[in-house]
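Just a sequence and a predicted model for now, questions to come.
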Amino acid sequence: MILDAPAPAGYRFRQLTADDRRAVTHLDSWAFPSPADPDEIEKGPSPLTWDRVVGVEPDGEAAPDGGLAALHASYPFSRFPVPGGTLPTAGLTWVGVHPQHRRRGIATAMIDLHLARCRERGEPLSALFAAEYPIYGRFGYGKAADDVRLTVPRGAALRDVPGAAEHTVRIEHADRGRHAALVDTVHRVAGESVGGTGINRPGWATRESAELQASWWRDSTTFRGGQESRRIVVVERDGEPRGYALLRRKLDWVPTGTDGTVNVLEAVALDAAASRALWGVLLDLDLMTETKPFILAPDDPLLALLRNPRAAGQRRVDNVWIRLVDLPTALAGRRYAAGIDATLAVTDARLPDNAGVWHLRAAPFGAATCERADTAPSEADLALDVRELGAAYLGGTSLAGLAAAGLVDERVPGALAAASTAFGWPVAPVCSWVF
Ligand SMILES: CC(=O)SCCNC(=O)CCNC(=O)[C@H](O)C(C)(C)COP(=O)(O)OP(=O)(O)OC[C@H]1O[C@@H](n2cnc3c(N)ncnc32)[C@H](O)[C@@H]1OP(=O)(O)O
């Protein structure tokens, strides 16, 4: 794997291994302050796949706590959902620079190395969750999905769905041995066929690696923030799991009675009836005053089932960001919601191979091709930066909306409406968990 990319003067890259766990934990606690003691964190499983973890060390004398000035890593998503299919994708994560070493170009050098390694591994996309919104646009990542955060009052009325009452409900302590297979299967199937429609949900990454699995099921008191241990609600029909929710309740006793919150970590259902059955439980737990789903797709069934969604105080938050690393493979690797035959003049300051004019052709919901075009950029149908292509890639950001903001240039009249429709997708992109 490439490591000889240039680091800023005075620093060098080093491939890390599991033996570097202590240094990684300490650096991470500098980058992301947390009340958790690094020694306590070290006792649990790490989510990292070590051959994807690269550290930055200062030349000369090693600093304390393992000597790292910075690190970054990526999660392996071999089947990352894109519109109508999947592509190998690197989930960039754990990007952190010690406060003493920041603003010297270390993150920039790490991301250049990350993109080079993605290419070497044959990953045409990189995805991430941004700790702060302004960081990643400069590196060619576009905000490709939003999620919705709600606070639903207890007992909020839901519309009826035929068949919901035919579900049985289990409420149990969440346990990896007992529930991991159920959670993985329902989660995967729900992403492949949203609500049983047969349409997939772009961005719906699965926790593929053994390391991510182990870390996901960890339930240390250190990270509970005063909440109970993790519980699971499973709804079943004819003995088959049709949905689940992972949750933690928090209860405060106040002079007027009780003030409790149901924090829902992840709620997934395979069809409308299962969704209605699941939320019926989650919105009516004793001693609770409100239910807070952590991440919901903007088109999650709950929003349509609530009789008064306005009362749940909806807030949209940026979810997955996408970077096209290998542009032609990425554009040919998804499906399009309408036929498209267009030339795109693309700029990409970090990966010049992606720049130039590309000819994208696809039948509606069919296979696509993307080839270099012998067209002058001034004569291409549309012109845009790779960042905007990343924003539109999962189908959740409209090219027309970006054009209205001056970020996409329509050079041939009519091309924008056609391309914007084609780049859309019937189901909103989202990832149900933060990586
Ligand atoms: C996918 C993930 O892992 S998200 C996690 C990101 N990490 C964190 O938020 C942890 C805390 N922050 C940090 O560790 C660091 O500040 C980082 C990683 C965000 C940036 O590292 P640095 O080495 O300081 O970045 P670098 O020096 O390469 O800066 C490059 C440019 O980005 C800008 N930039 C860096 N961080 C930020 C930020 N948080 N907000 C806005 N701009 C930023 C710099 O000003 C610089 O701009 P310029 O090129 O116009 O001068």
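Structure's in. What do you need? Not measured: the values here are computed from a predicted model. Numbers count the residues shown, from 1 in each chain.

going forward, measure contacts and count neighbours with C-alpha atoms only.
Will do.

Doesn't D4 belong to a strand?
No. D4 is assigned coil when assessed by DSSP: H, G, I helix; E, B strand; the rest coil, not a strand.

roughly how far apart are it and the ligand?
With distances taken as Cα to the nearest ligand atom, to the nearest Å, D4 is found 17 Å from the ligand.

repeat for R22
Taking Cα to the nearest ligand atom, one finds R22 at 18 Å from the ligand.

who's in contact with that residue?
38-39, 42, 65-66 (Cα atoms under 8 Å, 6 or more residues apart in numbering).

same thing but 7 Å
For R22, the contact set (Cα atoms under 7 Å, 6 or more residues apart in numbering) comprises 42, 66.

before we move on, what SS does it have?
Classified using three-state DSSP, R22 is helix.

Just the mean pLDDT for stretch 167-187, thanks.
On average, the pLDDT along stretch 167-187 is 98.

And for stretch 349-356?
98.

List the contacts of the residue in the stretch 301-435 of the chain positioned nearest to the ligand.
Closest to the ligand within the stretch 301-435 of the chain is F435: 8.0 Å, counting by Cα to the nearest ligand atom. Listed by Cα under 7 Å, 6+ apart, the contact set of F435 reads 93, 129.

Could you tell me whether I41 really is in a strand?
No. I41: not assigned to a strand; according to three-state DSSP it is helix.

mind checking the SS state of the closest residue to it other than its chain neighbours?
Of all residues not flanking I41 in the chain, T25 sits nearest, at 7.4 Å (Cα to Cα, 6 or more residues apart in numbering). With three-state DSSP as the basis, T25 sits in helix.

CA-only coordinates of stretch 316-335 in PDB, if you can.
Extracted C-alpha coordinates of stretch 316-335, given in PDB (Å, rounded to 0.1, in the frame of the first residue of the first chain):
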ATOM      1  CA  ARG A 316     -32.300  18.100   9.200                       C
ATOM      2  CA  VAL A 317     -28.600  17.300   9.700                       C
ATOM      3  CA  ASP A 318     -26.000  16.400   7.100                       C
ATOM      4  CA  ASN A 319     -25.500  12.600   6.900                       C
ATOM      5  CA  VAL A 320     -23.100  10.900   4.400                       C
ATOM      6  CA  TRP A 321     -20.600  12.900   2.300                       C
ATOM      7  CA  ILE A 322     -19.300  11.300  -0.900                       C
ATOM      8  CA  ARG A 323     -16.100  11.800  -2.900                       C
ATOM      9  CA  LEU A 324     -15.800  10.300  -6.400                       C
ATOM     10  CA  VAL A 325     -12.300   8.800  -6.400                       C
ATOM     11  CA  ASP A 326     -12.500   7.100  -9.800                       C
ATOM     12  CA  LEU A 327     -15.000   9.200 -11.600                       C
ATOM     13  CA  PRO A 328     -15.900   7.000 -14.700                       C
ATOM     14  CA  THR A 329     -16.200   3.800 -12.500                       C
ATOM     15  CA  ALA A 330     -18.300   5.600 -10.000                       C
ATOM     16  CA  LEU A 331     -20.700   7.200 -12.600                       C
ATOM     17  CA  ALA A 332     -21.000   4.000 -14.600                       C
ATOM     18  CA  GLY A 333     -21.500   2.000 -11.300                       C
ATOM     19  CA  ARG A 334     -24.900   3.500 -10.300                       C
ATOM     20  CA  ARG A 335     -28.300   3.500 -12.000                       C
END
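
Close to the ligand: what parts of the stretch 101-250 of the chain are there?
102-108, 128-132, 134-135 (Cα under 6 Å from any ligand atom).

how about 5 Å then?
Within reach of the ligand by Cα under 5 Å from any ligand atom, the stretch 101-250 of the chain has these residues: 102-108, 128, 130-131, 134-135.

In helices, which of the residues you listed fall?
106-108 (DSSP state H).

Compare those residues and tell me which has the most neighbours.
I106 (23 neighbours; other Cα atoms under 10 Å).

so who does it touch?
7-8.

so where is this protein shaky, pLDDT-wise?
Residues of the chain meeting the criterion pLDDT under 70: 62-64.

Okay, helices next: where are they in the stretch 151-300 of the chain?
176-192, 210-216, 272-282 (DSSP state H, counting those that start in this stretch).

what about those, which gets the closest to L344?
helix 176-192 (29.3 Å; Cα to Cα).

nearest spatial neighbour of V97, skipping sequence neighbours?
A70 (4.2 Å).

The residue nearest to G195 when sequence neighbours are not counted and D147, how far apart?
Excluding the flanking residues, the one nearest G195 by Cα to Cα, 6+ apart is D271, at 4.1 Å. Distance, D271 to D147, by Cα to Cα, to the nearest Å: 20 Å.

quick one, which of these two is more surrounded?
Set D271 next to D147 and count neighbours by other Cα under 10 Å: D147 wins out with 23 against 18.

Tell me if the more buried one really is in a strand.
Yes. When three-state DSSP is applied, D147 is found to be in a strand.

Isn't it up against I295?
Yes. The pair D147 / I295 is scored as a contact, 5.9 Å apart, by Cα atoms under 7 Å.

just to revisit the earlier point, please work out how many residues are found near the residue nearest to V97.
28.

before we move on, what about the one 3 residues further on?
By other Cα under 10 Å, the residues close to A73 number 24.

For the stretch 101-250 of the chain, which segments count as strands?
125-128, 142-143, 146-149, 152-153, 168-173, 231-237, 240-254 (DSSP state E, counting those that start in this stretch).

okay, these, which one's buried deepest?
strand 142-143 (a mean of 28; mean count of other Cα atoms under 10 Å).

who does it touch, helix- and strand-wise?
Contact partners of strand 142-143 among helices and strands, from 3 or more Cα pairs under 7 Å, 6 or more residues apart in numbering; DSSP states H and E: strand 321-324, helix 386-393.

on that earlier part again, now for the residues of the stretch 101-250 of the chain next to the ligand, which pair is the farthest apart?
Pairwise over those, using Cα to Cα, the maximum falls at R104 and L128, 22.3 Å.

separation between the residue of the stretch 301-435 of the chain closest to the ligand and A403?
From F435 to A403 the distance is 30 Å (Cα to Cα).

Equivalent analysis for R237, please.
Taking Cα to Cα, one finds R237 at 47 Å from A403.

What of G225?
The value you get for G225 to A403, if Cα to Cα is used, is 43 Å.

cool, T289 as well?
Taking Cα to Cα, one finds T289 at 43 Å from A403.

Same check on Q100?
Distance from Q100 to A403, by Cα to Cα: 40 Å.

More neighbours: these two, which one.
Counted by other Cα under 10 Å, Q100 and A403 do not tie: A403 has more neighbours, with 18 against 9.

So the more buried one lies in a strand, does it not?
No. Using three-state DSSP, the assignment for A403 is helix, not a strand.

This completes my enquiry, with thanks.
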